[in-house]
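Colleague: My questions concern the predicted model and sequence given below.
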Amino acid sequence: MNPGIDLQGTFIETLMDLGLPAGVAKAIWMPLPMGLMLIGATMGVLVTTWLERKISAAAQQRIGPDFMGPFGLLAPVADGLKLVFKEDVVPAKSDRILFTLGPIIVVIPIFLSYLIVPFGQNLVITDVGTGIFLWISLSSIAPIGLLMAGYASNNKYALLGGLRAAAQSISYEIPLALSVLAVVMMSNSLSTIDIVEQQSGYGILGWNIWRQPAGFVIFWIAALAECERMPFDLPEAEEELVAGYQTEYSGMKFGLFYLSSYVNLVLSALLFAVLYLGGWDFPIPLNLLANLVGVSDDSSWLQVVDASLGIIMTVFKAYFLVFLAILLRWTVPRVRIDQLLDLGWKFLLPVGLANLLLTAALKLTFPVAFGG
Amino acid sequence: MNLAEGVQIVSFGILAVMMIGTALGVVLLPNIVYSAFLLGGVFISIAGMYLLLNADFVAAAQVLIYIGAVNVLILFAIMLVNKREDFAPLRNAWVRPVFTGLVSVGLFALLGTMVLVTPWALSTQVSAGDSAIFLIGQHFFTDFLLPFELASILLLMAMVGAIILARREFLPDQVMSPTKQQPILTLPERPRELVSVSSDKSSNLDDGRRG
């Protein structure tokens, strides 16, 4: 397995050739991927909101946004501009500090989690050892922000919405962590890079989705519940709670909640792709194709193709899952709060535990297929 | 001093100030909700300290357990309690904070001298870094097996207790009749109604509660 393109190494070497010390060269490199990822995540949100409008429209046999740019592509931009220029109202009897802090605490951990999303062998911000565990622990900070927003709004709907959001978030974190743990057990590592590596080599046949048929369903249900997507969007159930914890928010503070929910959806889709759909792998192993055509493994243009195909594949898989989530939104009715908690605690948790035990047993019995 | 060291010192300073500031806020602020949120700040800064010590798994676990579980639970408890009560002003109320302050200062002095006086044997080993997870796992299942299992049993007991507490239907405003003695080792609870015959659905519900 060749390491592929190492942008960081080449960039730092180039700067060092220009006469800069190694530390400075590294310091110049560091903000680049972070800024790129921030921009990428925000662009991902714009695309997702556009998709949401278009697919929702298609599901209801409408056309959807049409006049704002070609195919209504500028609709999300108009959305964002509207939110930026809207008056930022803080209710009179609310708690001003907590009201402002709430959306910030919700957004930051979600953007931080992009640290571990890999788009290729070296196309990741940091390959930290705790990898996927970092995502799980970061996503557990969000309920604090939601409770803060709900409490500070001084509104009963907001408080109820905040409490519901926190309850939902902590209940579905456990099945989520259990399904991730089964994958981690097969990969012998928490690092997202290693998880993808372990699936590569056999193309589509090697992906974890075949080895974790229960795990990926649990993961996707729990991830949708964590993102408060439609079958589980109880915290902002319009008919009961106006808009839940977002009721009193307007302007950019509301925009942050909006942004965070979509960034979280894209992040969950990306991590689903990494955990179960082979990350950046092409369905047919690329080495096989190259050998068939007779191209040497380490020719430079093959590496460029490999890297760009990796990014395309990751994004494509993630957006396929986003598409599924949007379709689910228009096909499944919202569950009740007791049904939601029953599903989480009485169904997903035992199934997740059984899945974990089964994976452990299979790993001991068939170490070849289950990454012994 | 190179870049990495500088960053370390600066972030240590920020974390230390943050930790002490938020911890003082937890203790001194009169609004209990602020205290609970600031407690999250304390936990975050402790996680940052762990990161500085190269223990990233412990840091992530700290965030997951102390912020994701403990702090959220505390906030839940505060927000679900809906009791408004006017307390009668105490005479000589200033005595308590003064005593608390004295005890705290004494404890601080004691611990401070202990830290300064003890000849610490600093380990010169390189920190485990990414392989820390494997080391932690090995220790859990070899020389720390007993504490590990005891902790799990403790958690199991807490879970069983929570379920028992949640399942009883206790009426706090109903006065327990002194003639009817409660059997030992059961919690006081509402006498269960017989299966209602009005509709199938409700009887199923009752069965579900009982079963």
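Modeller: Received the coordinates, thanks. Residues are numbered from 1 along each chain as shown, chains lettered A, B, ... in the order given.
Colleague: can I get the CA coordinates of whichever strand or helix holds residue A:26 in CSV?
Modeller: Element membership of residue A:26, judged by DSSP states H and E, is helix A:22-29. What follows is helix A:22-29 as a C-alpha-only set of coordinates in CSV (Å, rounded to 0.1, in the frame of the first residue of the first chain):
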residue,chain,number,x,y,z
ALA,A,22,10.9,23.9,10.3
GLY,A,23,8.8,25.2,13.1
VAL,A,24,7.7,28.3,11.2
ALA,A,25,6.9,26.2,8.1
LYS,A,26,4.7,23.9,10.2
ALA,A,27,3.0,26.9,11.8
ILE,A,28,2.2,28.3,8.4
TRP,A,29,0.8,24.9,7.3
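Colleague: Local confidence estimate at the nearest residue to residue A:352 once chain neighbours are set aside?
Modeller: In this structure, residue A:352 finds its nearest non-sequential neighbour in residue A:178, 3.5 Å apart by CB to CB, 6 or more residues apart in numbering or on different chains. The C-beta positions use only the backbone N, C-alpha and C, and glycine is treated the same way. As predicted, residue A:178 sits at a pLDDT of 91.
Colleague: how much space is there between residue A:178 and residue A:344?
Modeller: From residue A:178 over to residue A:344 the distance is 12 Å, taken as CB to CB, to the nearest Å.
Colleague: sorry, back to before: can you name the next helix or strand after the helix holding residue A:26?
Modeller: Following helix A:22-29 toward the C-terminus (DSSP H and E): helix A:31-59.
Colleague: Which strands and helices lie in contact with that next one?
Modeller: Under the contact definition 3 or more CB pairs under 8 Å, 6 or more residues apart in numbering or on different chains; DSSP states H and E, helix A:31-59 sits against helix A:75-85, helix A:251-276, helix A:300-331.
Colleague: Need the residues that contact the first one.
Modeller: So that's helix A:75-85. Contacting residues not belonging to helix A:75-85 are listed as A:45-47, A:49-50, A:53, A:65, A:68-69, A:251-252, A:254-255, A:258 [CB atoms under 8 Å, 6 or more residues apart in numbering or on different chains].
Colleague: so how far is the helix or strand that comes right after it from its chain's centroid?
Modeller: Downstream of helix A:75-85, the first helix or strand assigned by DSSP H and E is helix A:96-112. In terms of CA atoms, centre = their mean, to the nearest Å, the centre of helix A:96-112 is found 18 Å from the chain centre.
Colleague: swap in stretch A:204-211?
Modeller: Centre to centre, stretch against its chain (CA atoms, centre = their mean), the figure for stretch A:204-211 is 20 Å.
Colleague: Ok, stretch B:126-135 next?
Modeller: 27 Å.
Colleague: Check stretch B:61-78 too.
Modeller: For stretch B:61-78, the distance to the chain centre is 7 Å (CA atoms, centre = their mean).
Colleague: quick one: is that stretch near chain A?
Modeller: Yes - using CB under 8 Å from any CB of the partner chain, stretch B:61-78 reaches chain A at B:61, B:63-64, B:67-69, B:71-72, B:75-76.
Colleague: Dump those residues into TSV; add neighbour count, pLDDT and secondary structure as well.
Modeller: Shown next, in TSV, are those (neighbours: other CB atoms under 10 Å in any protein chain shown; pLDDT from 0 to 100; DSSP: H, G, I helix; E, B strand; the rest coil):
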residue	neighbour count	pLDDT	secondary structure
B:61	17	89	helix
B:63	26	90	helix
B:64	21	89	helix
B:67	24	89	helix
B:68	25	84	helix
B:69	14	84	helix
B:71	25	90	helix
B:72	24	88	helix
B:75	24	87	helix
B:76	17	84	helix
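Colleague: Tell me the one of the residues you listed nearest chain A?
Modeller: residue B:68 (2.6 Å; CB to the nearest CB).
Colleague: so what's the closest one closest to, chain neighbours aside?
Modeller: Using CB to CB, 6+ apart, the nearest residue to residue B:68 is residue A:140, at 2.6 Å.
Colleague: can you map out the helices along chain B?
Modeller: B:3-28, B:32-52, B:56-62, B:72-80, B:95-117, B:132-141, B:145-167, B:200-210 (DSSP state H).
Colleague: Can you point out the buried residues in the strand or helix carrying residue A:341?
Modeller: Using DSSP H and E, residue A:341 sits within helix A:337-342. Residues of helix A:337-342 classed as buried by neighbour count (16 or more other CB atoms under 10 Å in any protein chain shown): A:337, A:340-341.
Colleague: and residue B:97, which of the helices and strands packed on helix A:31-59 is closest to it?
Modeller: helix A:251-276 (37.3 Å; CB to CB).
Colleague: got the angle for the closest one vs helix A:300-331?
Modeller: 120 degrees (axes from the mean of the first three to the mean of the last three CA atoms, to 10 degrees).
Colleague: what's the angle between the very next helix or strand once past helix A:251-276 and helix A:300-331?
Modeller: The first helix or strand that comes after helix A:251-276 along the chain, using DSSP H and E, is helix A:286-293. Here the directions of helix A:286-293 and helix A:300-331 differ by 130 degrees (the same axes, to 10 degrees).
Colleague: what's helix A:286-293 packed up against?
Modeller: When contacts are defined as 3+ CB pairs under 8 Å, 6+ apart, helix A:286-293 packs onto helix A:300-331.
Colleague: What residues sit buried inside the helix it packs on?
Modeller: For helix A:300-331, by 16+ other CB under 10 Å, it's A:302-303, A:306-307, A:309-310, A:313-315, A:317-319, A:321-322, A:325-326, A:328-329.
Colleague: ok, now which ones touch the most centrally placed residue in chain B?
Modeller: By CA atoms, centre = their mean, chain B has its centre lying nearest to residue B:70, at 4.3 Å. Applying CB under 8 Å, 6+ apart to residue B:70 gives the contacts residue B:43.
Colleague: where's it relative to residue B:150, distance?
Modeller: For residue B:70, the distance to residue B:150 - CB to CB - is 20 Å.
Colleague: got any ranges where the stretch 1-150 of chain A has weak pLDDT?
Modeller: The stretch 1-150 of chain A contains residues with pLDDT under 70 at A:1-5.
Colleague: actually the stretch 151-300 of chain A, not the one I typed
Modeller: Across the stretch 151-300 of chain A, the ranges flagged by pLDDT under 70 are A:237-239, A:296-298.
Colleague: so what are the domain limits for chain B?
Modeller: Segmentation of chain B into domains, based on automatic domain parsing, reads B:1-82, B:130-172.
Colleague: Can you tell me which of these is most buried?
Modeller: Of all those, domain B:1-82 carries the top mean neighbour count, a mean of 16, counting by mean count of other CB atoms under 10 Å in any protein chain shown.
Colleague: residues from chain A in reach of chain B?
Modeller: A:23-24, A:26-27, A:98, A:128-130, A:133-134, A:136-138, A:140-141, A:143-144, A:147-148, A:151, A:159, A:163, A:166-167, A:170, A:173, A:190.
Colleague: Kindly recompute the last result at 6 Å.
Modeller: A:23, A:129-130, A:133-134, A:137, A:140-141, A:143-144, A:147, A:166, A:170 (CB under 6 Å from any CB of the partner chain).
Colleague: From these, which land in strands?
Modeller: For the residues of chain A next to chain B, not one is inside strands, with DSSP state E as the criterion.
Colleague: Adding neighbour count, write these out as TSV.
Modeller: TSV is the format used below for those (neighbours: other CB atoms under 10 Å in any protein chain shown):
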residue	neighbour count
A:23	12
A:129	20
A:130	21
A:133	24
A:134	26
A:137	25
A:140	25
A:141	24
A:143	27
A:144	26
A:147	30
A:166	25
A:170	18
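Colleague: Determine which two of those are furthest apart.
Modeller: A:23 and A:166 (42.8 Å).
Colleague: coming back round to it: wait, which of the residues of stretch B:61-78 next to chain A is closest to residue A:89?
Modeller: residue B:75 (25.2 Å).
Colleague: I'd like the distance between the closest one and residue A:341.
Modeller: 18 Å.
Colleague: go on, residue B:154?
Modeller: Going from residue B:154 to residue A:341 by CB to CB gives 25 Å.
Colleague: try residue B:94
Modeller: Distance from residue B:94 to residue A:341, by CB to CB: 47 Å.
Colleague: In contact with residue A:215, which residues?
Modeller: By CB atoms under 6 Å, 6 or more residues apart in numbering or on different chains, the contact list for residue A:215 reads A:179, A:182, A:355.
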